[in-house]
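**Q** Sequence first, predicted coordinates after that:
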Amino acid sequence: MNIILVLIQKLDYFTKPCLFVLFFVFYSYDSIAQESYNYSKIENHPRLLLSKMDEQKIKSTLILNCELMEVHNHIIKRCDNMLTKNALVYKKDGKRLLAVSREALTRIFYLSYAYRMTKDTKYLKKAEVELNAVCTFENWNPTHFLDVGEMTMAVAIGYDWLYDVLQDSTKMNVRKAIVNYAFKTSKVEEYNWFLRTTNNWNQVCNAGLVYGAIAIFEDEKIESKEMIERALKTNLQSLAGYAPDGNYPEGCGYWGYGTSFEVMLIAALESALGSDNALSQSSGFLKSAEYMLYMNGPAQLRFNYSDCSSKQNPNLTMFWFAQKLKNPNLLFEEKKLLTNGQYSKNFEEDRLLPATLVFAKDIDFSNISPPTKKVWSGQGATPVVLVRTNWKNNEGEYLGVKGGSASTSHAHMDAGSFVYDSKGLRWAMDFGLQSYITLENKDVDLWNMKQNSQRWDIFRLSNLNHNTITINNKKHNVTGKALMVKTYDTNKDKGAKFDMSEIFEGEIKSEIRKVVLKDETYLQVEDEITTNDKEVVVRWTMVTPTTVKILNSGTIELSQKGKKKFLKVCSANPFELKIWKSDDPETEYDAKNPGTVMIGFEAKILPTQKVSFVITIKD
């Protein structure tokens, strides 16, 4: 193309216009020929997720499935409560409008679903009020584009699902807002960095924009095609993070966020245009459902590395994976949460709750079996090994251990960290995330990922306060990565070995960590450290929600809820057992951690030595 332009520049004044016309025609034809879809065959409204024909299928499913009927009734009840609420107003919390966008998505999605299922106009009228309210905002806060992404999805669903009954003025307001507040701002380089990233922002923002494009396609064909085609290309960057095995780099909390919007994006393309253009076939993506299944332990807690809470929450998009893969066994944990009423309570992605009924309408719940294998492992940006010896609640042993790098999106300095459950209780835990707003409102430099940034001084993010080791009291190397070099799946050992040497580059020669369940009955952690030509101080830490007591020079007693375990350290190298406070960090911006304590040991290792520490936690 550049050669053609150079040749054109050398032509005379009269010849150039003719060639420019020919060039434009050729270029336009070439662009059309490369379109990913035959857009003339886009489905009629409603085209996002749920066709008119499928409405009856949901109603039939609800009659046969009391748990799903409970979810349906919960949505209707929430909608009834919304009827008396004032319309949403523009209100930022710090730099975010996100809370308003999420409430808009909740209200408009729920109300649109309620109208389609009941045809009661009170839900239609309230949805229309909310649509007009948010579409007259001054903007959707493009400086924090997640806000735009979720808001665009909200109004797109309302526009599409209620298309035949909305007033023309409302539809005009929605179209205008989507074009001006979403499409146009997404072309501004200052705002659209999500197009070049690999994390959940890419998934959420692209999903919202595609929903907007599909919803208003008839009236804004050129811009809508541009949004869809751009998303198909840029979204691949985020999907690459699932390769090769499906473990999400940002952990299970952000799997719930990023993957939910990824599935919403894929499902919208399939319903409106007939296919997802192979997005779902990206390496590791479909495997990630099994990863999420194993992220749950028998104590109903998750392996919460990175920015994630330990609470086991519903993951409604697991229903989509189960349907897509024709494998209802993926719903083993979700079925329990559904039966226990967790889908009718607040959870992280509950604003997408109506999608549960869309994705579950074709699934047979009658024969869902637990997984048969006990070890799940995945390589990639954040390698993990997950071991679960029994799939009954409060039974068996559970281990989650990770490698990876602090440079990964939403990561902590937690390379080599692990969680451990036994007897229905968590004995080794992770603090998890602290609310971003509590830190940003105190001007903490939270999102600076550089080596010596303030981010790594935050108590819950520092390597000092994770189940890992620290050398010479220094921060882990941000750019270093703990590599998973071996997995174990034998009767004797179930777990993994990690080479953590890069994490301590410049401080020691090497660090190899092996974390396994021994004989499916107790935990063993082995750290083999080789020093350079300088003496070093090693700090070994583990966070626990138990009551602890040092019994002797090598043993710490752990007690909770009438049960006890003993942490024992064995090494030829001298060491000193330690207990550190963790419930009330000293800095004003750090969250409190009631009911927790850190235990472990410190040791000096002489130059050019290879030293092994073996730590067990057993009855």
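**A** Great, that's in hand. Numbers count the residues shown, from 1 in each chain.
**Q** burial of Asp414, as a residue count?
**A** Asp414: 27 surrounding residues under other C-beta atoms under 10 Å. Where C-beta positions appear, they are placed from N, C-alpha and C, glycine not excepted.
**Q** no no, Gly595
**A** Gly595: 12 surrounding residues under other C-beta under 10 Å.
**Q** okay, the residue nearest to it when sequence neighbours are not counted: pLDDT?
**A** With sequence-adjacent residues excluded and distances taken as C-beta to C-beta, 6 or more residues apart in numbering, Gly595 is closest to Pro545, at 5.5 Å. On pLDDT, Pro545 comes in at 98.
**Q** what's the spacing between Pro545 and Trp427?
**A** Counting by C-beta to C-beta, to the nearest Å, the separation of Pro545 from Trp427 is 8 Å.
**Q** what residues are shared contacts of the two?
**A** Residues touching both Pro545 and Trp427 comprise Gln560, with contact defined as C-beta atoms under 8 Å, 6 or more residues apart in numbering.
**Q** Looking at those two, which is more packed in?
**A** A side-by-side neighbour count of Pro545 and Trp427, using other C-beta under 10 Å, places Trp427 first with 21 against 17.
**Q** So the more buried one is in contact with Val548, correct?
**A** No. If you go by C-beta atoms under 8 Å, Trp427 and Val548 don't touch, sitting 10.7 Å apart.
**Q** what's the overlap in contacts for those two?
**A** Leu558.
**Q** and stretch 271-283, how far out from the chain's middle?
**A** The chain centroid and the centroid of stretch 271-283 are separated by 20 Å under C-alpha atoms, centre = their mean, to the nearest Å.
**Q** before we move on, what about stretch 460-474?
**A** That offset, for stretch 460-474, works out to 24 Å (C-alpha atoms, centre = their mean).
**Q** Now do the end-to-end distance for that stretch.
**A** 16 Å (C-alpha to C-alpha, to the nearest Å).
**Q** What are the buried residues along that stretch?
**A** Neighbour-count burial for stretch 460-474, counted by 16 or more other C-beta atoms under 10 Å, picks out Arg460, Leu461, Ser462, Asn463, Leu464, Asn465, His466, Asn467, Thr468, Ile469, Thr470, Ile471.
**Q** which outside residues touch that stretch?
**A** Here stretch 460-474 makes contact (C-beta under 8 Å, 6+ apart) with 412-419, 428, 430-434, 455-456, 459, 475-476, 500, 504, 507-508, 511, 513, 527, 529, 536-543, 582, 590-591, 593, 598.
**Q** Name the strands paired with the one helix or strand Ile556 maps to and say parallel or antiparallel.
**A** Assigned by DSSP states H and E, Ile556 belongs to strand 555-560. Strands that pair with strand 555-560, judged by DSSP bridges, come out as strand 547-552 (antiparallel), strand 563-570 (antiparallel).
**Q** of all the ones you listed, which lies closest to Ser407?
**A** strand 563-570 (31.0 Å; C-beta to C-beta).
**Q** Pull out the CA atoms of that closest one and give them to me as CSV.
**A** Provided in CSV are the C-alpha atoms of strand 563-570 (Å, rounded to 0.1, in the frame of the first residue of the first chain):
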residue,chain,number,x,y,z
LYS,A,563,-9.0,-29.0,66.2
LYS,A,564,-5.2,-28.9,66.2
LYS,A,565,-2.4,-29.2,63.8
PHE,A,566,1.4,-28.9,64.3
LEU,A,567,3.8,-27.0,62.1
LYS,A,568,7.3,-28.6,62.4
VAL,A,569,10.5,-27.3,60.9
CYS,A,570,13.4,-29.6,60.2
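**Q** isn't Lys492 right up against Thr521?
**A** No. Counting by C-beta under 8 Å, Lys492 does not reach Thr521; the two are 10.9 Å apart.
**Q** Would you point out which residue is most central in this structure?
**A** In the chain, the centroid-proximal residue (C-alpha atoms, centre = their mean) is Tyr254; its distance is 1.5 Å.
**Q** what's near enough to touch the closest residue to it other than its chain neighbours?
**A** Residue nearest to Tyr254 in three dimensions, not counting chain neighbours: Asn200, with 5.2 Å by C-beta to C-beta, 6+ apart. Shown in contact with Asn200 (C-beta under 8 Å, 6+ apart): Ser238, Glu250, Tyr254, Tyr257, Gly258, Phe261, Ser409.
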